[in-house]
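>>> Build me a model from this:
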Amino acid sequence: MLDTLRGFSGFISIERGFMLCAISIAATFLLAGKFAWQEATYVGLLVFCGWSAVDAINNVCDADLDTKSDAFRAQYTKSLGRSGLMLCLIFFALTLGLGIATLSPLVVTFILLAGVAGLLYSVPPFRLRQTIYKPVVNFFVGAFPILIATAFASHFSANAWALVFLFGLATAGYSLWGDLADYASDLDSGGRTIPIVLGLKRGLCTTIVSGYSLFPLMALVGVMFQLNILYYLVLFSLAAYLSIRVILKRSLLLSSPTNDDAIEGLGQTLAKVFVIIAIVQTTNLMLSAFLKLQGFSFWVV
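The predicted structure is shown next:
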């Protein structure tokens with residue numbers, strides 16, 4: 001039973017679905033300017049189902065590649081057989097149904113565009129997830145939840161567009177960490193992701209720099225929407241946590257000649273670290289938006 005739950009959660013990438021759900025809930029709160037919990041929950045569920053569909057089709061197409069990067073998920077995906085594709089269609093149908101129920105043509109349009117992006121990302125012959133263009137596709141992955149929340153609230157303001165752009169950039173940067181986890185399988189299959197094109201060590205250093213660049217972007221979101229000091233304290237703690245993990249491995253990063261096996265192991269470790277950081281930060285944003293609308297505006301920055 002536990003293995004089935006673990007396999008299914010990996011198949012739909014539940015942690016990334018949660019992150020996009022939290023982002024869309026926070027965006028709904030902040031753009032509506034009120035505690036619209038029903039609307040926020042609805043948008044969050046819609047985005048979660050949409051991401052589950054996109055990542056499920058990606059895992060169906062990646063079943064053979066995942067044998068190296070995530071053997072358990074690969075085995076579970078293969079065990080589903082045609083049911084895996086059926087689950088993808090069910091999640092997409094749920095997403096589209098929830099979108100149609102909003103009676104907003106823009107919401108439905110953004111859902112369809114997100115579906116097209118998902119196909120270009122995962123399905124042969126495109127498979128942009130194995131190319132240097134993967135961050136570009138992931139820019140839209142981060143932008144679509146905000147666009148859907150904005151269309152749902154009919155609130156296309158300057159702040160809304162800025163939020164779309166900032167989270168697009170953040171998700172593009174986050175995608176580089178996924179490339180580290182998939183390095184071995186992408187290399188064996190002829191992929192051309194950034195760590196492969198730049199070389200493993202330079203790709204890792206570039207990814208670390210991109211990770212640090214996300215913290216100022218998230219701080220800017222806090223300034224835009226006047227979030228309280230707790231938001232920044234959590235953000236600072238996450239930056240410190242990443243710094244400690246990097247500093248502890250500085251000798252490996254600075255070593256010459258490079259030990260590729262050790263660098264690859266470090267990349268996989270840091271990829272897991274950044275998943276934790278992303279989950280905590282998206283939760284931080286959602287809760288900070290909630291606290292702001294409940295009147296907890298102490299020490300607003």
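>>> And the closest residue to Asp260 other than its chain neighbours, how far from Ala289?
Of all residues not flanking Asp260 in the chain, Leu200 sits nearest, at 5.7 Å (Cβ to Cβ, 6 or more residues apart in numbering). (C-beta placed from N, C-alpha, C; glycine too.) From Leu200 over to Ala289 the distance is 38 Å, taken as Cβ to Cβ, to the nearest Å.
>>> higher neighbour count, these two?
Ala289 (25 against 19; other Cβ atoms under 10 Å).
>>> can you tell me the helix or strand for that one?
Assigned by DSSP states H and E, Ala289 belongs to helix 260-293.
>>> model confidence over that helix, on average?
Mean per-residue pLDDT for helix 260-293: 86.
>>> from the chain's centre, how far out does it sit?
10 Å (Cα atoms, centre = their mean, to the nearest Å).
>>> Show me which positions of it end up buried.
Under the neighbour-count criterion of 16 or more other Cβ atoms under 10 Å, helix 260-293 has 263-264, 266-268, 270-271, 273-275, 277-278, 280-282, 284-293 buried.
>>> Could you do stretch 165-177 as well?
166-177.
>>> Which ones among the residues you listed lie within helices?
Filtering the buried residues of stretch 165-177 for membership in helices, criterion DSSP state H, returns 166-177.
>>> Can you tell me which of those lies closest to Lys34?
Each of these was scored against Lys34 by Cβ to Cβ, and Phe167 proved nearest at 21.0 Å.
>>> Distance of that closest one relative to Ala22?
11 Å.
>>> Return the set of buried residues in the one helix or strand Arg16 maps to.
Element membership of Arg16, judged by DSSP H and E, is helix 14-32. For helix 14-32, a neighbour-count test (16+ other Cβ under 10 Å) marks 14, 16-32 as buried.
>>> for stretch 123-141, same thing?
127-131, 133-135, 137-141.
>>> Mind checking which of those land in strands?
Among the buried residues of stretch 123-141, none falls in strands (DSSP state E).
>>> Which of those residues sits closest to Lys68?
For the buried residues of stretch 123-141, the nearest to Lys68 is Gln130 (13.6 Å; Cβ to Cβ).
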